[in-house]
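1. this one's structure only:
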DNA sequence: GCAAAAGTGTTCATATTACACCCATGT
DNA sequence: ACATGGGTGTAATATGAACACTTTTGC
């Protein structure tokens, strides 16, 4: 039965932010990209390189706009959680759609914005929560689509192994790991090898 | 270097909705709870039993408020995706945080709002997309926490098996299924049995 | 020739699959 | 006594885990 009274309920109106958590592996460490805030609130603290949706933009479009401005490349990323605590931004209600992206350290020229996940600086807003959520998500949902982004197109099998080990924080047996990756057809050999390394050059593999 | 010009960018302001996709299993069918819209837009079409966040509410709180108004119970649910297409609601920009919840058909008295997932009526907004997303998510992320909600506290093992079969759309061997559930300690026997069934009464199990 | 990382096989234990009949209850 | 779903064991196969040495390159 339709209500006849029009209860003038006031719904929350909010700005919509995307906050990408971008990981790479460098120096055998998992690192996250942050920028330092230049104005209040949280001036001087670090934050995720996100931003607000413009009218007419989807979250995915905002994400690509933001990431292109930092990396000059299209990076595939996935939504992981939407943070809605009413006072998470003191300037006014803002919900944050957080996403997870991985990029290969071989495409990075300047490592100054990259912070070891285990030694994070002071973070603005609830960005520490967002990073923690993303880090757990990554550990628990490691999958080929994500891994393809954190490795170069062609890579030695042992780099794939150390990537797993750093993300999952556990060790694998080298022989068993190689067998498993090859027979499961996750990767296939190419005809290329590493060059100019001061040890036996590794065969390079690719994802199938 | 901080910018000195204050570019008056206009960011999108939006209302925030939660849209729970609530599944149950009834008559050996996966069913979703919908209500019929009583006003425009999409008057007469069916929609998810969601609603808008009030000021001061988190998405989780709105969800519980909405679900309690329908089911008189706290139902655990999880965020799955946030839909942000700018024109998804003709009344004004609204982003929808969709969530997935399961409830046991034993707690349902009236099945009139429940629709077979394979024979859905006309849906309002992008709710068909949301339901499809949730259905795929369920199939791919079937896990104990979710299953506990779709089954009663004590249940016959064969009900657990048919639940898996309906969600995953595949068959299991009865003997192997039972062995696996028991040795993996997913479930444990209780001392209770089914009653008043016209066949051998099943032992009831519980999740560990 | 030595340092450094790449690469390789076998054995054993565990988990998964395939498969067909008897059991307990209500009517 | 019959209809209905509940309940059980074994053998074959596939998968995962443990384990140590040789190879190729640069210096």
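-> Perfect, thanks for sending it. Every value quoted in this text rests on a predicted model; they were computed, and no experiment measured them.
2. can you list the residues of chain A near chain B?
-> Counting by Cβ under 8 Å from any Cβ of the partner chain, chain A comes close to chain B at A:2, A:9-16, A:38-39, A:52-60, A:79, A:81-82, A:84-86, A:93, A:95, A:97. Using the backbone N, CA and C atoms, a C-beta is placed for each residue, glycine as well.
3. list, out of the residues you listed, those positioned next to DNA strand D.
-> Of the residues in the residues of chain A next to chain B, proximity to DNA strand D by Cβ under 7 Å from any atom of the strand holds for none.
4. those residues in helices, which ones?
-> A:59, A:60 (DSSP state H).
5. among the residues of chain A next to chain B, which lie within strands?
-> Of the positions in those, A:13, A:14, A:15, A:16, A:52, A:79, A:81, A:82, A:95, A:97 sit in strands, assigned by DSSP state E.
6. quick revisit: filter the residues of chain A next to chain B to the buried ones?
-> A:11-16, A:52-53, A:57-60, A:79, A:81-82, A:84-86, A:93, A:95, A:97 (16 or more other Cβ atoms under 10 Å in any protein chain shown).
7. now residue A:149: how far from residue B:189?
-> 46 Å (Cβ to Cβ, to the nearest Å).
8. higher neighbour count, these two?
-> residue A:149 (17 against 11; other Cβ atoms under 10 Å in any protein chain shown).
9. assumed the more buried one was part of a strand.
-> No. Under DSSP: H, G, I helix; E, B strand; the rest coil, residue A:149 sits outside any strand and is assigned helix.
10. I'd say it and residue A:101 touch.
-> Yes. At 7.0 Å, residue A:149 counts as touching residue A:101 under the criterion of Cβ atoms under 8 Å.
11. what touches both of those two?
-> Overlap of the contact sets of residue A:149 and residue A:101 (by Cβ atoms under 8 Å, 6 or more residues apart in numbering or on different chains) consists of A:75, A:76.
12. residues of chain A that sit close to DNA strand D?
-> Residues of chain A lying near DNA strand D (Cβ under 7 Å from any atom of the strand): A:173, A:174, A:175, A:176, A:180, A:196, A:197, A:198, A:199, A:200, A:201.
13. one more pass at 10 Å, please.
-> A:171-180, A:183-184, A:193-202 (Cβ under 10 Å from any atom of the strand).
14. residue ranges with poor pLDDT in chain A?
-> Low-confidence segments of chain A (pLDDT under 70): A:1-8.
15. quick check, the residue in it closest to DNA strand D?
-> residue A:200 (2.7 Å; Cβ to the nearest atom of the strand).
16. what sits against residue A:19?
-> With contact set as Cβ under 8 Å, 6+ apart, residue A:19 has these partners: A:48, A:50, A:83, A:96, A:97, A:98, A:99, A:127, A:130.
17. list only those of the residues of chain A next to DNA strand D flagged as buried.
-> A:172, A:177, A:178.
18. for these, which one is nearest DNA strand C?
-> residue A:178 (5.3 Å).
19. assign a three-state SS to that closest one, would you?
-> Assignment for residue A:178 (three-state DSSP): helix.
20. does it touch residue A:157 like I think?
-> Yes. With contacts defined as Cβ under 8 Å, residue A:178 counts as touching residue A:157 at a distance of 5.5 Å.
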